[in-house]
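Visitor: here is a sequence with its predicted model. Questions after.
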Amino acid sequence: MIPYGRQDISEDDIAAVVAVLQSDFLTQGPAVPAFEDAICQVAGAAYGVAVNSATSALHIACMALDLGPGDRLWTVPNTFVASANVGLYCGATVDFVDIDADTYNMSPAALAEKLAAAERDGTLPKVLVPVHFAGQSADMAAIGALARQYGVRVIEDASHAIGATYRNRPVGDCAHSDIAVFSFHPVKIITTAEGGLATTNDAGLAEKMRLARSHGVTREAHLMQADPAPGGWYYEQVSLGYNYRMTEMQAALGLSQLTRLQDFIARRHTLARRYDALLADLPVTLPAQSPDSHSALHLYPVQVDRRDAVFPALRAAGIGVNVHYIPVHTQPFWQVRGFKWGDFPVAEQYYRRAISIPLYSGLTEADQDRVVAALGAAVG
Ligand SMILES: *Cc1c(COP(=O)(O)O)cnc(C)c1O
């Protein structure tokens, strides 16, 4: 089976992990801060907080923005469930903004309309979570301007988009947001097995996220009530936090992977352009690339008629296709929380025709030819 996505692990990656295993620190050593610095370089942000998943990163981001009971978080239906779940972790309520029919990202028009209605009703959200679907940035200038206008904080779910750019600036520089979050799950652009990281330019938010990552415990003198004792053993718990720490092995793997980030993205672009050409004459809608954005190309989602027949035909042909995403609001868990089919028609219409075909740096042209042949047969 050709998978839809797959990690790319080199001998150097393996050696980097082994070196950590032979070192003094398996956790809370030098690799995590080095990884945070390296991601900040790539993303153009001042502060980075590495954690054990992007889900954890989204959670500590919401905590840093003081999202709590009585507050609202809005995200898109076309995402993984984690983007919405983190609102509930904080006791907030969650709602959705429909996507744009061309980019499959949050629609600024739908957002403008929903914010205006929420202002009339007194139900404005505290936090907005746009998702950079498939590695292509959402229209952050428009979304950021609306968020500022209504006093809403923004967390970019950039799980798909490490190494992408928006208007020639790196995704993650938080030019139009408070915090951005990356995932390093094996199907994403670079991997740490499990892992995530939040970037911000706000020192206060970074400090709150560091506390939330590690039990709310600090050794920073300026955060403590008492004078720290000599010798450095003293610490204080100043808030409620979790153990969301990334290990040293994960950070070392991430640092090693990062040296090939641009190669991975270039390879994904080469393969995507080849798909564009090979699929041009088939009755499928190819993913549009916005001129504002250089995508990290996490996914190559096509739209087909008769998706429910095409999908099993591809699987039967050994092509590990997938669907990104089942609209979150249609999940049973969210249906009993007041949502129903029909609430976000653009995301639903997109979903009904969606298939993600394989795209990853190790995909060969021969693999791709097999995918194209199988897709051609299935839609023909
Ligand atoms: C993968 C993903 C997440 C969750 O990432 P983890 O690192 O697995 O927790 C969140 N949002 C989106 C859009 C994702 O694709």
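Guide: Done, it's in.

Visitor: residues contacting the residue nearest the centre of the chain?
Guide: Closest to where the C-alpha atoms of the chain average out (C-alpha atoms, centre = their mean) is Ser159, at 1.6 Å. The contact partners of Ser159, by C-beta atoms under 8 Å, 6 or more residues apart in numbering, come to Ala54, Phe80, Val131, His132, Val181, Phe182, Ser183, His185, Lys188, Gly196. Where you see a C-beta, it was placed from the backbone N, CA and C, and this is true even at glycine.

Visitor: okay, now Arg210: neighbour count?
Guide: By the criterion of other C-beta atoms under 10 Å, Arg210 has 22 neighbours.

Visitor: pretty sure it is in a helix, no?
Guide: Yes - Arg210 sits within a helix when classified using DSSP: H, G, I helix; E, B strand; the rest coil.

Visitor: shouldn't it be in contact with Val49?
Guide: Yes - applying C-beta atoms under 8 Å, one finds Arg210 in contact with Val49, separated by 5.7 Å.

Visitor: how about the secondary structure of Gly94?
Guide: To be clear, residue 94 is Val; Gly isn't right here. Per three-state DSSP, the secondary structure class of Val94 is strand.

Visitor: please tell me how far the residue nearest to the centre of the chain sits from the ligand.
Guide: 4 Å (C-beta to the nearest ligand atom, to the nearest Å).

Visitor: got it, and Cys62?
Guide: On the measure of C-beta to the nearest ligand atom, Cys62 and the ligand end up 13 Å apart.

Visitor: now name the helix or strand holding that residue.
Guide: helix 54-64 (DSSP states H and E).

Visitor: ok, the next helix or strand after that helix: who's next to it in the sheet?
Guide: Using DSSP H and E, the helix or strand that directly follows helix 54-64 along the chain is strand 72-75. Next to strand 72-75 in the sheet, as set by DSSP bridges, lie strand 93-96 (parallel), strand 127-129 (parallel).

Visitor: dump those to CSV, plus mean pLDDT.
Guide: Converted to CSV, the strands paired with strand 72-75 look like this (pLDDT from 0 to 100):
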stretch, mean pLDDT
strand 93-96, 98
strand 127-129, 99
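
Visitor: just those strands: most buried one?
Guide: For these, average neighbour numbers computed from mean count of other C-beta atoms under 10 Å are highest in strand 127-129, which has a mean of 28.

Visitor: show me what from the stretch 101-250 of the chain comes close to the ligand.
Guide: Val131, Asp157, Ser159, His160, Ser183, His185, Gly196 (C-beta under 6 Å from any ligand atom).

Visitor: all strands of the stretch 251-380 of the chain, in order?
Guide: Listed in chain order, the strands of the stretch 251-380 of the chain (DSSP state E, counting those that start in this stretch) span 284-285, 293-294, 300-304, 354-357.

Visitor: wait, which of the ones you listed is closest to the ligand?
Guide: The ligand sits nearest to strand 354-357 of all the strands of the stretch 251-380 of the chain, at 11.4 Å, using C-beta to the nearest ligand atom.

Visitor: what about that closest one and the ligand, any contact?
Guide: No - shown here: strand 354-357 not in contact with the ligand (C-beta under 6 Å from any ligand atom), separated by at least 11.4 Å.

Visitor: Thr79 contacts Pro130, correct?
Guide: No - Thr79 lies out of contact with Pro130 (C-beta under 8 Å); the separation is 9.4 Å.

Visitor: more neighbours: those two, which one.
Guide: Neighbour comparison, Thr79 and Pro130: the larger count goes to Pro130, with 29 against 26 (by other C-beta under 10 Å).

Visitor: tell me where the longest helix sits in this protein.
Guide: helix 261-278 (DSSP state H).

Visitor: any idea of the angle that helix forms with strand 300-304?
Guide: Calculated by axes from the mean of the first three to the mean of the last three C-alpha atoms, to 10 degrees, helix 261-278 forms an angle of 20 degrees with strand 300-304.

Visitor: stretch 64-83: which residues count as buried?
Guide: Across stretch 64-83, burial judged by 16 or more other C-beta atoms under 10 Å covers 64-65, 67, 71-80, 82-83.

Visitor: among the residues you listed, which are in reach of the ligand?
Guide: Within those, those near the ligand by C-beta under 6 Å from any ligand atom are Thr79, Phe80, Ala82, Ser83.
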